[in-house]
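Colleague: just to be clear, the model below is a prediction. Sequence and coordinates:
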Amino acid sequence: MRTDLFDFELPAASIALRPASPRDSARMLVVEPDAVLRDRTIAELPQWLEAGDQLVVNDTKVISAQLKGRRIGRDAEPKIEATLIRRLDGSRWQALVKPAKKLAPGDVVRFGNEGKVCLLGHLDAEVEHKGDDGEITFSFSFHGPALDSAIADLGAPPLPPYIASRRSPDEQDAADYQTMFAVNEGAVAAPTAGLHFTPALEARLRERGIGIHRITLHVGAGTFLPVKADDTAGHKMHSEWGTISRDTAQALNAARANGGRIVAVGTTSLRLLESAAAPDGAIQPFAGETAIFITPGYRFRAVDILLTNFHLPRSTLFMLVSAFSGLETMKRAYAHAVGAGYRFYSYGDACLLFRDKSI
């Protein structure tokens, strides 16, 4: 499909720079299959679900993947900013780097900043490979837990560029940019629909007879990348690693056989569930990479309801929700959201989408 079909006007003021407090006070636009729109709040989520429904949340944990340093060993020492996007082994990471043109294989980057130290006071990384797309493979001087500790000490939460360009990350982001479910380290972006949950909301859901299950998809920085191709067929998705346990798969299949609906909390949960679904909709245990790219015309197999934030124009995520609820319905919903002052993207409000099974 043409990428411009997924364009819409989004004022800069609509992008949230801080989350709602408390988290479940965020607004929630309910989009029903008949395209009826209802203005609600996250705290009202249990009222829109039924006993037997099963929520699926992503329990990935965001690492401090944003590193700042300088190239050393040559006459000039230009500043280098790196966002780690993919662990290759105990000492090597792939990263998005600015400015990548300043680096060549064999160069060494020394990461560190005043006021923060790690182990030996800094963290060195050699440029092992430079891809045609500007991605850099770093081989770090530390390995395993020592490297993890150094990154945690020297790094910062990798806030999305549309937030980071308007303010600097701070200590509050370290808490704000993690969900209450976060336990498995490995993401470089938060599964943001999960940011709306609180222990009180979880308790009300369980009291209503709604199950909550955890799966893991380590969200990559590819989620921030715009679709630059004129047609969706020309866009390459970055792969991300995920896992669904056998017990979770069996529990979800059993609940669905008894009439329960699968409710994905976030597009990351949905993408992993759909990657693990058999043609008949049965969810299989899963452990591996997925690069699933969902656009209108995709036939959903596993997910019935989606709780998700509001996404940017021409993004793969807006394409996904358009596939779920219909492009025209989502354009109408987003126009309503902009006009009604909903807050967009990672720290913004949410919408609850009931799948349009006619498309």
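Modeller: Now that the structure is in, tell me what you want to look at. Residues are numbered from 1 along each chain as shown.
Colleague: what ranges in the stretch 201-350 of the chain fall below the confidence cut-off?
Modeller: In the predicted model of the stretch 201-350 of the chain, residues 223-224 satisfy pLDDT under 70.
Colleague: which residue ranges of it form strands?
Modeller: For the stretch 201-350 of the chain, strands defined by DSSP state E, counting those that start in this stretch occupy the ranges 211-217, 240-244, 262-265, 286-290, 305-309, 350-354.
Colleague: would you mind saying which of those strands lies nearest Thr83?
Modeller: strand 240-244 (14.7 Å; C-beta to C-beta). For the C-beta atoms, the positions are set from N, CA and C on the backbone; glycine is no exception.
Colleague: need the contact partners of the closest one.
Modeller: 186, 215-220, 222, 268, 272-273, 275-276, 283-291 (C-beta atoms under 8 Å, 6 or more residues apart in numbering).
Colleague: got the angle for it vs strand 211-217?
Modeller: 150 degrees (axes from the mean of the first three to the mean of the last three C-alpha atoms, to 10 degrees).
Colleague: who's Glu126 bridged to?
Modeller: Val108, Ser139 (DSSP bridges).
Colleague: with Phe111 as the reference, measure out to Ala95.
Modeller: 11 Å (C-beta to C-beta, to the nearest Å).
Colleague: intersection of neighbour lists for these two?
Modeller: 67, 82.
Colleague: which of these two has more residues huddled nearby?
Modeller: Ala95 (25 against 22; other C-beta atoms under 10 Å).
Colleague: the closest residue to that one other than its chain neighbours: neighbour count?
Modeller: Using C-beta to C-beta, 6 or more residues apart in numbering and skipping the chain neighbours, the partner closest in space to Ala95 is Ala82 (4.3 Å). Neighbours of Ala82 under the rule other C-beta under 10 Å: 25.
Colleague: can you tell me how far Ala82 sits from Pro158?
Modeller: From Ala82 to Pro158 the distance is 10 Å (C-beta to C-beta).
Colleague: overlap of the contact sets of those two?
Modeller: By C-beta under 8 Å, 6+ apart, the residues touching both Ala82 and Pro158 are Gln66.
Colleague: rewinding a little: between the strands of the stretch 201-350 of the chain, which one is nearest to Ala164?
Modeller: Taking these one by one with C-beta to C-beta, strand 305-309 is closest: 17.2 Å.
Colleague: which strands and helices sit next to the closest one?
Modeller: With contacts taken as 3 or more C-beta pairs under 8 Å, 6 or more residues apart in numbering; DSSP states H and E, strand 305-309 sits against strand 262-265, helix 267-276, helix 316-325, strand 350-354.
Colleague: the strands in the stretch 1-150 of the chain, which residues?
Modeller: 27-31, 37-41, 54-58, 60-62, 66-72, 79-87, 92-98, 108-111, 123-130, 135-140.
Colleague: avg pLDDT for stretch 184-191?
Modeller: Confidence over stretch 184-191 (mean pLDDT, whole number) is 91.
Colleague: quick check: the residue nearest to Ala95 touching Gly134?
Modeller: No - Ala82 is beyond contact range of Gly134, at 11.4 Å (criterion: C-beta atoms under 8 Å).
Colleague: which neighbours do the two share?
Modeller: By C-beta under 8 Å, 6+ apart, Ala82 and Gly134 have these common neighbours: 96-97.
Colleague: run a quick neighbour tally on Ala323.
Modeller: Ala323: 21 neighbours (other C-beta under 10 Å).
Colleague: so which of the strands of the stretch 201-350 of the chain comes closest to Pro99?
Modeller: Closest of the strands of the stretch 201-350 of the chain to Pro99 is strand 240-244, at 25.8 Å (criterion: C-beta to C-beta).
Colleague: now the angle from that closest one to strand 286-290?
Modeller: If you take the same axes, to 10 degrees, strand 240-244 sits at 160 degrees to strand 286-290.
Colleague: okay, now the sheet partners of strand 240-244, with direction.
Modeller: By DSSP bridges, strand 240-244 pairs with strand 211-217 (antiparallel), strand 286-290 (antiparallel).
Colleague: can you redo these as a markdown table with mean neighbour count and distance to Thr60?
Modeller: Conversion of these to a markdown table gives the following (neighbours: other C-beta atoms under 10 Å; distance: least, C-beta to C-beta, whole Å):
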| stretch | mean neighbour count | distance to Thr60 |
| --- | --- | --- |
| strand 211-217 | 21 | 5 |
| strand 286-290 | 14 | 13 |
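Colleague: I'd like to know which of those lies nearest to Leu307.
Modeller: Of the strands paired with strand 240-244, nearest to Leu307 by C-beta to C-beta is strand 211-217, at 12.2 Å.
Colleague: tell me the angle the closest one makes with helix 267-276.
Modeller: Using the same axes, to 10 degrees: strand 211-217 against helix 267-276 is 80 degrees.
Colleague: ok, how many other residues are close to the closest residue to Arg246 other than its chain neighbours?
Modeller: Leaving aside its chain neighbours, Arg246 sits nearest to Pro285 (4.4 Å; criterion: C-beta to C-beta, 6+ apart). By other C-beta under 10 Å, 13 other residues sit near Pro285.
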